[in-house]
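A.B. asks: Model the structure of this input:
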Amino acid sequence: MPQKFTPRQRHIRILTTIGPASASPDMIAALHQAGADAFRVNMSHGDHEGHAKVIAAIRELERKTGRPTTILVDLQGPKLRVGAFREGWAELVTGAAFVLDRDVTAGDAERVYLPHPELFAALTPGARLLVDDGKLVLRVQAVTPTQIATIVEVGGRISDRKGVNVPDVVVPLAALTEKDLRDLSFALEQDVDWIALSFVQRPEDVAEARRIIGGKASLLVKFEKPSAVLRMDEILELADAAMVARGDLGVEMPPEAVPPLQKRIVATARRMGKPVVVATQMLESMIVSPSPTRAEVSDVATAIYDGADAIMLSAETAAGAWPVQAVAMMDKIARSVEADPEYFRRLHFTQTLPDATTADAMSEAANSITKTIAADAIICFTASGSTARRISRERPGAPMLMLTPNLDVARRMGILWGSHAVQTKDIISFEGMIAKGKRMALRHNVAGAGAKLVMMAGVPFGTPGSTNVLHVATLTGQELSGYDADGG
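C.D. replies: Below is the predicted model:
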């Protein structure tokens, strides 16, 4: 029998990164209690042994709470880095010449090893190299098979293995490195729910990842590269979800270009019915401070008003001094925004027109009926999660209870706007649908006596992709008095 647990009193989901500051079972439980709906495991840091312990702790928390809990593994991707320096660092002077080459010896203020042969083939004069998240800027002057000659446009200190961004060209790198393939194999063995693909440049990167994953997890694409933005629709068509990864976007593009791009990615993903996460530096000051800046609060609120499915905390919870407070603050901001009478009006600035399918027509109708009769909840029976995604795209005002017989489907819905997913036995009849819908609404505190419930399902029952039933039911006082809260 499914356990009883109360839905979050907000629609947007909170995705929390686990790291050294939050990896203990007690801290993971505290983050969940504070409002974390899903957990991110970042493969750029740590080892498989440590990540396995974190995943085991999350699954144990899921067992104790009875709430299907989402785990997203974020692959590092083809991060470009310079080599090492003789002193561990060097000072690059603005206007000076600087060479990146194939010589593995330690570098100095005039040159450094660059262990990425693809760059020597892809770069052309005039292209920029952005080092250490854009703190240093190099302009390419000439390229040979063994050397990239540059002029330092913005100087400063460069140290061992700092990252390099190349915004002006598409580098012929596979989206999955050897490390990524090892990490992906580990993640799939651990039965995680989502895989995040980093530094995607082209649709082919997504297709290759889908082929390797083979349906064992859902695939989220991170928009970090200008080349990916140029082919956004093609990439999203192949992905299950999107992330606005504002850190690297803000390095490879002018900072002022990121806010409109964030809105465009969110709107495009919503129109295509793909969950979308807004991430990076949302409450950055809470890494060291127990309270955020007002600008950060406004930034989080903007993502919520735009209709993102989820908002993400990175270093704030992975390495910060106030991880639980950061989650609690994000939860407070979300509740405050969603209590705004203007919230739903602003949310629907983005039009999400239905495709010419029965499922889309039913989802649009369910939303319309919910508004017209002021329904108290939507009960969605789903085997694959596709109906849940369609109705979530409509952004209805009533709570959504997603009932599925498949635990993996329930877990994957943890980053879906408004979704309260429950694993429960499948239904086999129309009467069973009505009875179970009412029973689950009561058990999970989404409705009481006199409540109107909009129910969606498919006939034949249990058949994925067959959504064709829409029914309105009312909970009577008799049903309420006859309900056993413990036994159902």
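
A.B. asks: Isn't residue 9 up against residue 335?
C.D. replies: Yes. With contact defined as Cβ atoms under 8 Å, residue 9 reaches residue 335; the gap is 6.4 Å. Every residue, glycine included, has its C-beta placed from N, CA and C.

A.B. asks: if you count what's nearby, which of the two comes out ahead?
C.D. replies: Using other Cβ atoms under 10 Å as the criterion, residue 9 and residue 335 rank with residue 335 on top: 16 against 12.

A.B. asks: Please give the element, helix or strand, for the most centrally placed residue in the chain.
C.D. replies: Nearest to the geometric centre of the chain sits residue 277, at 4.1 Å (Cα atoms, centre = their mean). Take DSSP states H and E as the rule and residue 277 turns out to sit in strand 276-279.

A.B. asks: What pairs with that strand, parallel or antiparallel?
C.D. replies: With DSSP bridges as the criterion, the sheet partners recorded for strand 276-279 are strand 241-245 (parallel), strand 310-313 (parallel).

A.B. asks: after the longest one comes which helix or strand?
C.D. replies: Right, strand 241-245. Next along from strand 241-245, by DSSP H and E: helix 246-252.

A.B. asks: for the shortest one, same thing?
C.D. replies: Using DSSP H and E, the helix or strand that directly follows strand 310-313 along the chain is helix 315-318.

A.B. asks: picking that back up, show me what the residue nearest to the centre of the chain bridges to in the sheet.
C.D. replies: Beta-bridge partners, per DSSP bridges, of residue 277: residue 243, residue 310.

A.B. asks: what's the burial count for residue 238?
C.D. replies: By other Cβ under 10 Å, 17 other residues sit near residue 238.

A.B. asks: ugh, typo on my part, it should be residue 223
C.D. replies: When neighbours are defined as other Cβ under 10 Å, residue 223 has 25 of them.

A.B. asks: got it, and the one 10 residues further on?
C.D. replies: Residues within reach of residue 233, counting by other Cβ under 10 Å, total 10.

A.B. asks: isn't it right up against residue 267?
C.D. replies: No. Contact criterion Cβ under 8 Å: residue 233 and residue 267 do not qualify, at 11.8 Å.

A.B. asks: ok so, going back, wait, what's in contact with the residue nearest to the centre of the chain?
C.D. replies: Residues in contact with residue 277 (Cβ atoms under 8 Å, 6 or more residues apart in numbering) are 15, 220, 241-244, 308-312, 415.

A.B. asks: how near is it to residue 132?
C.D. replies: Between residue 277 and residue 132 the distance is 25 Å, computed by Cβ to Cβ, to the nearest Å.

A.B. asks: now residue 333
C.D. replies: Distance, residue 333 to residue 132, by Cβ to Cβ: 31 Å.

A.B. asks: With residue 60 instead?
C.D. replies: 39 Å.

A.B. asks: rewinding a little: the strand holding residue 277: which residues count as buried?
C.D. replies: For strand 276-279, a neighbour-count test (16 or more other Cβ atoms under 10 Å) marks 276-279 as buried.

A.B. asks: now stretch 175-192
C.D. replies: Neighbour counts over stretch 175-192 (16+ other Cβ under 10 Å) mark 175-177, 180, 183-184, 186-188, 190, 192 as buried.

A.B. asks: Run through the neighbouring helices and strands of the longest helix anywhere in the chain.
C.D. replies: Secondary structure of the chain per DSSP state H: the longest helix is helix 48-65. If you count contacts as 3 or more Cβ pairs under 8 Å, 6 or more residues apart in numbering; DSSP states H and E, helix 48-65 packs onto helix 25-34, strand 38-42, strand 70-74, helix 178-189.

A.B. asks: could you dump the ones you listed to a markdown table with distance to residue 91?
C.D. replies: As requested, the helices and strands packed on helix 48-65 are arranged in a markdown table below (distance: least, Cβ to Cβ, whole Å):
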| stretch | distance to residue 91 |
| --- | --- |
| helix 25-34 | 40 |
| strand 38-42 | 31 |
| strand 70-74 | 33 |
| helix 178-189 | 31 |
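
A.B. asks: Same list (the ones you listed) but as TSV, adding mean pLDDT.
C.D. replies: Listed next are the helices and strands packed on helix 48-65 as TSV, based on pLDDT from 0 to 100:
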stretch	mean pLDDT
helix 25-34	98
strand 38-42	98
strand 70-74	98
helix 178-189	97
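
A.B. asks: And residue 144, how far from residue 314?
C.D. replies: Going from residue 144 to residue 314 by Cβ to Cβ gives 39 Å.

A.B. asks: Next: residue 88.
C.D. replies: Distance, residue 88 to residue 314, by Cβ to Cβ: 26 Å.

A.B. asks: just to revisit the earlier point, the strands paired with strand 276-279: which one's closest to residue 20?
C.D. replies: Minimum separation from residue 20 across the strands paired with strand 276-279 (Cβ to Cβ) falls at strand 310-313, 14.5 Å.

A.B. asks: which residues sit against that closest one?
C.D. replies: Residues outside strand 310-313 that contact it (Cβ under 8 Å, 6+ apart): 12-17, 37-38, 40, 243, 275-280, 282-283, 300, 303-304, 323, 326-327, 330, 334, 415, 417.

A.B. asks: Give me the buried stretch members for that strand, please.
C.D. replies: For strand 310-313, by 16+ other Cβ under 10 Å, it's 310-313.

A.B. asks: about what we covered before: pull out the buried residues from the contacts of residue 277.
C.D. replies: Taking 16+ other Cβ under 10 Å as the criterion, what is buried in the contacts of residue 277 is 15, 220, 241-244, 308-312, 415.

A.B. asks: packing partners for the host helix or strand of residue 438?
C.D. replies: Per DSSP H and E, residue 438 falls inside helix 430-443. Counting contacts by 3+ Cβ pairs under 8 Å, 6+ apart, helix 430-443 is packed against strand 377-381, strand 400-404, strand 452-458, strand 467-474, helix 477-481.

A.B. asks: Please convert those to CSV, extending it with distance to residue 113 and mean neighbour count.
C.D. replies: Shown next, in CSV, are the helices and strands packed on helix 430-443 (distance: least, Cβ to Cβ, whole Å; neighbours: other Cβ atoms under 10 Å):
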stretch, distance to residue 113, mean neighbour count
strand 377-381, 55, 28
strand 400-404, 52, 26
strand 452-458, 58, 24
strand 467-474, 57, 17
helix 477-481, 72, 11
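
A.B. asks: Show me the one of these that comes nearest residue 442.
C.D. replies: Of all those, helix 477-481 sits nearest to residue 442, with 6.9 Å by Cβ to Cβ.

A.B. asks: Using the three-state scheme, assign the nearest residue to residue 144 once chain neighbours are set aside.
C.D. replies: Once flanking residues are discounted, residue 144 sits nearest to residue 120: 7.6 Å by Cβ to Cβ, 6 or more residues apart in numbering. When classified by DSSP: H, G, I helix; E, B strand; the rest coil, residue 120 comes out as helix.
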